[in-house]
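> Here is a sequence together with a model predicted from it:
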Amino acid sequence: MRVHIIIRRKVPETMREQVADLTRLMRRMALRQDGYFYGETLAPAQHSDEHIIISTWRSLGCWHRWSESSIRRKIQTRIDAVLESETEYRMQQDTLPRSFDIAFETLPAAPVGQRPTAPAPMAT
């Protein structure tokens, strides 16, 4: 089952560019890892030092292999050296089975300018 790793960092304003560069490097390395789907980085909309990264993996095992790899540890050590506090991690699993995602992805798109219609109810 897919897992989403939510990474929270407090980044001093003077270090934002350096941390952003290291985060991009870490994502490029993650792209090469088995089980990595995608990630996104959310910067504060208002003046804040909090940055959130959501990283999506095929399984918790795939995430753990990456999180324990030497290259990730080296990059994380460089990030931690400039943060105001320790990086926080939270793991969340999808609540819907993958079959639901596949069914949803196969719904036909609505013509331009029209609202999509709900699929017919499933027979029981």
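On my side now, so go ahead.

> Quickly find the element holding residue 39.
Residue 39 is part of strand 36-42, with elements assigned from DSSP states H and E.

> Wait, residue 55 touches residue 63, no?
Yes: shown here, residue 55 and residue 63 form a contact pair, counting by C-beta atoms under 8 Å, at 7.5 Å. Just so you know, the C-beta spots here come from the backbone N, C-alpha and C atoms, and that holds for glycine as well.

> Common neighbours of the two, please.
residue 5 (C-beta atoms under 8 Å, 6 or more residues apart in numbering).

> Sheet-wise, list the partners of the strand holding residue 39 with their directions.
Its sheet considered, strand 36-42 pairs with strand 50-57 (antiparallel) by DSSP bridges.

> What is the least confident helix or strand in this structure?
Here the helix or strand of the chain ranked lowest by mean pLDDT, DSSP states H and E is helix 98-105, holding a mean of 51.

> my guess is residue 63 meets residue 92, correct?
No: assessed by C-beta under 8 Å, residue 63 is found out of contact with residue 92, at 11.3 Å.

> quick one, helices of the chain?
Here the chain has its helices, by DSSP state H, at 16-30, 60-67, 70-80, 98-105.

> would you turn those into a markdown table with mean neighbour count and distance to residue 7?
Formatted as a markdown table, those follow (neighbours: other C-beta atoms under 10 Å; distance: least, C-beta to C-beta, whole Å):
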| stretch | mean neighbour count | distance to residue 7 |
| --- | --- | --- |
| helix 16-30 | 15 | 9 |
| helix 60-67 | 16 | 10 |
| helix 70-80 | 14 | 10 |
| helix 98-105 | 10 | 23 |
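
> and those, which one is worst for confidence?
Comparing mean pLDDT over the helices of the chain, the weakest stretch is helix 98-105, at a mean of 51.

> on that earlier part again, give me the contacts around the strand holding residue 39.
So strand 36-42 is contacted by 2, 20, 23, 27, 30, 51-58, 62, 66 (C-beta under 8 Å, 6+ apart).
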